[in-house]
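K.L.:
sequence and predicted model, in that order:
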Amino acid sequence: MAYGQRKNNPNGFFKNIRDKGYYVSVNEHNISLFAISIPVIADNGHFVGALTVSRPISRFSDIRQKELLSLLTKYVRNIHMP
């Protein structure tokens, strides 16, 4: 929603997601999982989707979050959408 219906919100929750460039969900939809998502933006600037990694909460830590963000960022850079 941060890059779709709410992309023009000038402040608040969705703007914070856009400013960071990713979203981390911990115990949000399932108390045993966490997820990290990073947007996939086409070459023309349009949002086309997101890459997401979801894992058991027992494997979540600040170090793991940084590792997964680095991995997702690397893969997003290799996606070219005309």
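P.N.:
That came through, no problem. This is a predicted model, so every value here is computed, not measured. Residues are numbered from 1 along each chain as shown.

K.L.:
strands of the protein, start to end?
P.N.:
23-26, 33-41, 47-56 (DSSP state E).

K.L.:
please enumerate the helices of this structure.
P.N.:
With helices called from DSSP state H, the chain shows them at 13-20, 62-77.

K.L.:
distance to Tyr3 and mean pLDDT added to those helices, as a markdown table?
P.N.:
C-beta: built from backbone N, CA, C; applies to glycine. What follows is the helices of the chain, written out as a markdown table (distance: least, CB to CB, whole Å; pLDDT from 0 to 100):
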| stretch | distance to Tyr3 | mean pLDDT |
| --- | --- | --- |
| helix 13-20 | 7 | 93 |
| helix 62-77 | 13 | 92 |
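
K.L.:
any chance of these in a markdown table, with mean neighbour count too?
P.N.:
Shown next, in a markdown table, are those (neighbours: other CB atoms under 10 Å):
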| stretch | mean neighbour count |
| --- | --- |
| helix 13-20 | 14 |
| helix 62-77 | 13 |
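
K.L.:
circling back to that earlier point, format the strands of the chain as a markdown table; extra columns: mean neighbour count, distance to Leu72 and mean pLDDT.
P.N.:
Converted to a markdown table, these look like this (neighbours: other CB atoms under 10 Å; distance: least, CB to CB, whole Å; pLDDT from 0 to 100):
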| stretch | mean neighbour count | distance to Leu72 | mean pLDDT |
| --- | --- | --- | --- |
| strand 23-26 | 15 | 11 | 93 |
| strand 33-41 | 19 | 4 | 94 |
| strand 47-56 | 14 | 5 | 92 |
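
K.L.:
mind putting these into a markdown table with distance to Asn9?
P.N.:
Output for the strands of the chain, formatted as a markdown table (distance: least, CB to CB, whole Å):
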| stretch | distance to Asn9 |
| --- | --- |
| strand 23-26 | 14 |
| strand 33-41 | 15 |
| strand 47-56 | 14 |
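
K.L.:
and of these, who's closest to Pro10?
P.N.:
Closest approach to Pro10 among the strands of the chain is made by strand 47-56 (17.4 Å; CB to CB).
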